[in-house]
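1. Whatever this is, show me its structure:
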Amino acid sequence: MSTTTQTTIPGSGPAGDPQGAAAGKQRPGGYSRGRRSRTASVLSHGVLIAASVIALFPIGWLVFLSLGPDKDDYLHPGRILDKAGFSNYSFVLEHTGFLTWFGNTLIVAGATCVIGVLIAATTGYAVSRMRFPGYKKFMWALLVTQMFPVAVLMVPMYVILSDLGLIDTYGGLILIYCSTAVPYCAWMLKGYFDTIPFEIDEAGRVDGLSPFGTFWRLVLPLARPGLAVAAFYTCLTAWGEVAFATTFMLDDGKYTLAVGLSSFVSEHDAQWNYMAATAVLIAIPVSFVFYLVQKHLVTGLTAGAAKS
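-> The predicted structure follows:
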């Protein structure tokens, strides 16, 4: 029979005792390793609270102004409390084309999201896994397209769409939005695909999958955080864009939400109360989508940035 002797170190508890382990790691002055002082904790929380107030104040102010029934209430915000109500929202939903604008935006944003993410994902995967002639120059060419401002692109894009007969069509607007969203998403997804081990592709080939089958069945499920970021970016691009939608959509029945929002401001008048209520209604779906994909946003952005 063997006898095991346990040695107890002064100042520490028995093995497996968390109190003893914590006591052994305690530093002079009463603070454990990795803990911050009370002053540093108070300062960091104060900075975070101040940043949160700064970020949330414009949103709260917009919601507050949307409750004022008169268009000039923004000049006297103190009077809104006495007559706050939801009459602006009722007017926007019942007496404007908001529901039509919302439907048009869903069509454009949904199609842009699906088509843009599919093109960006296949592009990023091809550049990440395949070494064809000029693949680096191809990615730099995509990046160069992001250098030109909207004002420079407006005229040539209008001429191209006019020649193709796509002016005042959903297809033309979707094509424009994809051309602006795909380059960034392709770069981001390429960096994310670089973090996925190449052995997964080799295992797919061993199992008899084609290159597209490997991409669709094995790689894409692992790239969900990156795809979520790309989908959110493309959807947001189409949801709130004004310049292209105003220029290329001529029929009132095809206006998107952003263009409809601008209709409350004319040369001689501005209905700020209706505009504020419409802006709040526009932000609600985007906030809901952000809530659904928020757990993937940080992972997708940081993983793609690590390899891009």
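2. Compute the number of surrounding residues for Pro225.
-> When neighbours are counted by other C-beta atoms under 10 Å, Pro225 registers 20. Every C-beta, even on glycine, is put in place using the N, C-alpha and C of the backbone.
3. Would you list the phi and psi of it?
-> phi -60, psi -40 (degrees, to the nearest 10).
4. That one contacts Tyr192, correct?
-> Yes - when contacts are counted by C-beta atoms under 8 Å, Pro225 is listed as touching Tyr192 (7.4 Å).
5. Now do the contacts for Thr100.
-> Residues near Thr100 by C-beta atoms under 8 Å, 6 or more residues apart in numbering: 253, 255.
6. How much space separates it from Trp239?
-> Distance, Thr100 to Trp239, using C-beta to C-beta, to the nearest Å: 16 Å.
7. do Pro133 as well
-> Distance of Pro133 to Trp239, computed by C-beta to C-beta: 38 Å.
8. For those two, indicate the residue with more neighbours.
-> Taking neighbours as other C-beta under 10 Å, Pro133 and Trp239 compare with Trp239 leading, 22 against 7.
9. does the residue lying closest to the more buried one once chain neighbours are set aside count as helix, strand or coil?
-> Spatially, and ignoring its direct neighbours in sequence, Trp239 is nearest to Ala109 (5.0 Å; C-beta to C-beta, 6 or more residues apart in numbering). Judged by DSSP: H, G, I helix; E, B strand; the rest coil, the three-state class of Ala109 is helix.
10. Wait, Ala109 touches Glu241, no?
-> No - using C-beta under 8 Å, Ala109 makes no contact with Glu241, being 9.5 Å away.
11. ok, how many other residues are close to Glu122?
-> Actually, residue 122 is Thr. It isn't Glu. 15.
12. And the one helix or strand it maps to, what's buried?
-> Under the criterion of DSSP states H and E, Thr122 resides in helix 98-129. Using 16 or more other C-beta atoms under 10 Å as the test for burial, helix 98-129 gives 98, 100-102, 104-105, 107-109, 111-113, 115-117, 119-121, 123-129.
13. and that helix, how far out from the chain's middle?
-> 13 Å (C-alpha atoms, centre = their mean, to the nearest Å).
14. Going toward the C-terminus from it, what's the next helix or strand?
-> Proceeding N to C from helix 98-129, the next assigned helix or strand is helix 135-144, under DSSP H and E.
15. Report the mean per-residue pLDDT for that following helix.
-> Mean pLDDT, computed over helix 135-144, is 82.
16. how about the helices of the stretch 201-308 of the chain, start to end?
-> 211-214, 220-222, 224-240, 243-248, 257-262, 272-307 (DSSP state H, counting those that start in this stretch).
17. I'd like to know which of those helices lies nearest to Phe64.
-> helix 272-307 (8.6 Å; C-beta to C-beta).
18. mean confidence for the closest one?
-> pLDDT averaged over helix 272-307 gives 77.
19. Show the backbone phi and psi for Ala223.
-> phi -100, psi 20.
20. check contacts around it.
-> Listed by C-beta under 8 Å, 6+ apart, the contact set of Ala223 reads 121, 189, 192-193, 196.
21. switch to 7 Å and redo it
-> 192-193, 196 (C-beta atoms under 7 Å, 6 or more residues apart in numbering).
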